[in-house]
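*Asks:* 3D, please:
(chains A and B)
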Amino acid sequence: MQKSLKVAVLRFPGTNCEFDTQYAFEKLGHETVLVWHENKSLPEDIDLVVVPGGFSYGDYLRSGAIARFSPVMEAVKAYAGQGGNVLGICNGFQILTEAGLLPGALKRNNNLHFISKHQTLKVVNNDNAFLNRCEKDEVLNIPIAHADGNYYIDDEGLAELEANGQVLLRYCDAEGNPVVVNGSVTSIAGVCNAKKNVFGLMPHPERALEAILGSEDGVKMLKGFEA
Amino acid sequence: MTAIVNVFLKEGVLDPQGKAAHHALDSLGFEGVKDVRIGKQIVIELDTDDRSKAEAEVKEMCETLLANTVIEDYTIEIH
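*Replies:* Purely as a prediction, here's the structure:
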């Protein structure tokens, strides 16, 4: 039988997706524990840290800019440094880029709107702990909900991402052709670090678990960490 | 002393807010607007009279927190 995972879900002032994230992993049969941002350490024996979505510190200054200095982030850096898996969703992705755990930065959407809708995504690389249950080039349907999701990285950084297979997902149409959603460089929706143990994406897989609610494609994404 | 920090997106990084304001100015009939960029101004009151110390400290503040140097440049004025 599949070993159940112990998943630490971080919570900052202004986080609002922590319960959805707990629901998602518990629905998949895993144990979750909420970790308040003031904690200096992570629970023992965890298999995954999730930095969930929301508006930590009201997005003041820049999204994620203040949360990255929370005490718990030192523990997350140490955990990632030892090879532990870390997943940042939406605001979590912003926090991980601000913390320097992921390359690039997330700017205001090109059209300046908060974009909230279901969006098709293409799986660019699946040889990692996150997307291993998805097919390469598979088109997934996952909700997005963000104002600052416009991924930026310079040309040199982009070339490195491409060469190392660090681009995880791109916004696309139903046929898998890239589309401009928020202005992201080459329509990037998610990336990982060079060691492939820190993952970040703007879309919300934890909101795509039941077909009756529009999509269950989030299941195979989150189940990737079971492998 | 007072430090005035201006933070702007780097040259070459598209500034969607500046672009929208530029478009709005064009629509309102203001002619000859070549470019509009929108940034942030951060005013910091410092408890020191040592200008070079203040500059060094504010530079560190910018590098650490106030600017994201992946996408932003900053300038510092000390008064």
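*Asks:* What parts of chain A come near chain B?
*Replies:* Counting by C-beta under 8 Å from any C-beta of the partner chain, chain A comes close to chain B at A:61-62, A:65-66, A:69, A:97-98, A:104-105, A:107-112, A:150, A:152-153, A:183. Backbone N, C-alpha and C define where each C-beta goes, glycine included.
*Asks:* if you look at these, which of them are in strands?
*Replies:* Counting by DSSP state E, the part of the residues of chain A next to chain B found in strands is A:105, A:107, A:150, A:152.
*Asks:* Taking these, tell me the two that lie furthest apart.
*Replies:* Pairwise distances across those (C-beta to C-beta) peak at 9.1 Å, for the pair A:105 and A:150.
*Asks:* who's more crowded, the two?
*Replies:* When residue A:105 and residue A:150 are compared for neighbours, residue A:150 comes out ahead with 25 against 22, by other C-beta atoms under 10 Å in any protein chain shown.
*Asks:* what sits against the more buried one?
*Replies:* Residues counted as contacts of residue A:150 (C-beta atoms under 8 Å, 6 or more residues apart in numbering or on different chains) are A:106, A:107, A:108, A:109, A:110, A:182, A:183, A:184, B:16.
*Asks:* what pairs with it across the strands?
*Replies:* As for beta bridges, residue A:150 partners with residue A:107 under DSSP bridges.
*Asks:* So what's the residue count around residue 47?
*Replies:* Assuming you mean chain A. For residue A:47, using other C-beta under 10 Å, the count is 16.
*Asks:* Chain B was what I was after
*Replies:* Counted with other C-beta under 10 Å, the neighbours of residue B:47 add up to 6.
*Asks:* just wondering, since we're on it, how far is it from chain A?
*Replies:* When C-beta to the nearest C-beta, to the nearest Å is the yardstick, residue B:47 and chain A sit 22 Å from each other.
*Asks:* secondary structure class for that residue?
*Replies:* coil (DSSP: H, G, I helix; E, B strand; the rest coil).
*Asks:* before we move on, the earlier item: which of the contacts of residue A:150 lies closest to residue A:200?
*Replies:* Using C-beta to C-beta, the contacts of residue A:150 come closest to residue A:200 at residue A:106, 8.9 Å.
*Asks:* Surely the closest one is in contact with residue A:148?
*Replies:* Yes. Contact criterion C-beta atoms under 8 Å: residue A:106 and residue A:148 qualify, at 5.1 Å.
*Asks:* quick one: which of the two has more around it?
*Replies:* residue A:106 (31 against 21).
*Asks:* Could you check the pLDDT of residue A:1?
*Replies:* Per-residue confidence (pLDDT) for residue A:1: 53.
*Asks:* ugh, wrong one, residue B:12
*Replies:* pLDDT, residue B:12: 88.
*Asks:* Could you pull up the residues touching residue 42?
*Replies:* Just so you know, I chose chain A. The contact partners of residue A:42, taken as C-beta under 8 Å, 6+ apart, are A:8, A:35, A:49, A:72, A:75, A:76, A:79.
*Asks:* wrong one, chain B
*Replies:* B:4, B:5, B:6, B:7, B:66.
*Asks:* just how off-centre is the helix or strand harbouring it within its chain?
*Replies:* Using DSSP states H and E, residue B:42 falls within strand B:40-45. Chain-centre distance of strand B:40-45: 9 Å, with C-alpha atoms, centre = their mean, to the nearest Å.
*Asks:* tell me which residues in that strand are buried?
*Replies:* Across strand B:40-45, burial judged by 16 or more other C-beta atoms under 10 Å in any protein chain shown covers B:42, B:44.
*Asks:* And for stretch A:119-131?
*Replies:* Buried residues in stretch A:119-131, counted by 16+ other C-beta under 10 Å: A:119, A:120, A:121, A:122, A:123, A:124, A:125, A:126, A:128, A:129, A:130, A:131.
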